[in-house]
Structures are given as C-alpha cells and as structure tokens.
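Q: Task: produce atomic coordinates for the following.
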Amino acid sequence: MSDSLPVVYAARHGETAWSLSGQHTGLTDLPLTERGERNARSLGERLRGLTFAKVFTSPLVRAARTCELAGCRGVAEVDRDLLEWDYGDYEGRRTAEIHANRPDWQLFRDGCPGGETPEQAGVRADHVVSRVRAIQGNVLLFSSGHFLRVLAARWLGLEPGAGRYFLLSTASVSALGYEHNLSQPVIRLWDDTRHVGN
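A: Below is the predicted model:
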C-alpha cells in the first residue's frame, strides 16, 4: 500500500439511547449519551495528528455532535447524503420486533417499508464516493452505522447489500483507501475502537 494515496476516514457517531437499546435509528434526531460524548472526545484524540483536505458530517445531531467533540466543528461541511438509512415504518423498532411479523426480514436485502431500499441507500453512498474521490488529500466523514456499511461496500464496487458483512461499533473509525493506485480500492482499517472507553 502506498502512503501517498489519499485515505477516507469514516467515523461512526457515538452512542445514543437507541444504539444502546438496539432500536433502528434512522432520521430520528437523538442526542449522544454521556458515554457517547466521552467516546466522541476520545475519537478526536485518536484522529489527532491526521490532516484532512475536507471533513463532512451528516446533519443529524448524533453525527454532528460527534464531529464537534472530535474537534472538527469549524471545518466540517454538512452533507445530506451521509444521513443514516431511512427505516420508514421500522424506525425505533428492534430487529426482534420486526422478526415477530417478518421472520425472514433482512435490512440489507429487503430495505424498509415506507423507507429506503438497499439500492436507494447505495445511490447516496455512490454520491459520497464520487465526491470524496474527486478531492486531493485525505477526507473525514461522520455518519451512522448502516449507511457507512453501505458506503464501504460501494467503495469496493460491491452491491449495497454487501454492507451486511461490515459490522460497525459506535464511535469507531475506519479507513477506506487504495492498494497500489486509484483503481484498486481497499479497506485499510475497519471498526477501530481502541480509543473507546466503557
């Protein structure tokens, strides 16, 4: 891997009450928990020393606040394509509750009634990929778990549903990059939480 090639760092927001309880949190604008705020500050420590040509954040409070606590508030641009998956009728529900009525339901295959399909989330991810690949230098993104998983899949040229293979923890940082040249996208780092406390 060449250290001269740009890297896209992807930060998942800190813990919220619903990420803790396992409820699907799409467009509901929840704040971070106290631990979520602490871990967002630790994320900032983890990112210290890295330089970014651009920083983008989802407009949702949980991502924007994580961005702020990580020390990037003054330089971040809001990007609505970084919004979390729209869960529609499944907003606020846990997977076990959904499986009570639809035992075979899988988010990354079926999407959500009244919300987004995997393909629709993939279109937004493609917009982000195109935008960051046009930037000279490293980029930092703040978003939510399921969307960043779709983004990773699309970065690699996989179908949006392949995001199911990329589990992400709150306040984690991942790095999307290239191997030998810009035509060889890779995942350089995934779901790094060494900086996160209990």
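Q: Is L50 part of a helix or strand, or is it coil?
A: What DSSP: H, G, I helix; E, B strand; the rest coil gives for L50 is coil.
Q: what's the burial count for it?
A: 12 (other Cβ atoms under 10 Å). (Each C-beta comes from the backbone N, C-alpha and C, glycine too.)
Q: Over to A134?
A: Neighbours of A134 (other Cβ under 10 Å): 8.
Q: Mind pulling up the pLDDT for it?
A: pLDDT for A134: 96.
Q: what sits against the residue positioned nearest the centre of the chain?
A: The centroid of the chain falls nearest to L148 when counting by Cα atoms, centre = their mean (3.1 Å). Taking Cβ atoms under 8 Å, 6 or more residues apart in numbering, we find L148 in contact with 10, 12, 141, 166, 168, 174.
Q: which neighbours does the top strand by length along the chain have in its sheet, and in what orientation?
A: Longest among the strand segments of the chain by residue count, using DSSP state E, is strand 185-192. Strand pairing for strand 185-192, using DSSP bridges, gives strand 173-178 (antiparallel).
Q: Can I get the top helix by length along the chain in CSV, CA atoms only?
A: In the chain, with assignment by DSSP state H, the single longest helix is helix 118-133. What follows is helix 118-133, C-alpha atoms only, in CSV (Å, rounded to 0.1, in the frame of the first residue of the first chain):
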residue,chain,number,x,y,z
PRO,A,118,-30.6,-1.0,-0.2
GLU,A,119,-30.4,0.4,-3.8
GLN,A,120,-31.6,3.8,-2.7
ALA,A,121,-29.0,3.9,0.2
GLY,A,122,-26.5,2.7,-2.4
VAL,A,123,-27.2,5.7,-4.6
ARG,A,124,-26.5,8.1,-1.8
ALA,A,125,-23.3,6.2,-1.0
ASP,A,126,-22.2,6.4,-4.6
HIS,A,127,-22.7,10.2,-4.4
VAL,A,128,-20.3,10.3,-1.4
VAL,A,129,-17.8,8.0,-3.1
SER,A,130,-17.7,10.2,-6.2
ARG,A,131,-17.4,13.4,-4.1
VAL,A,132,-14.5,12.1,-2.0
ARG,A,133,-12.6,10.5,-4.8
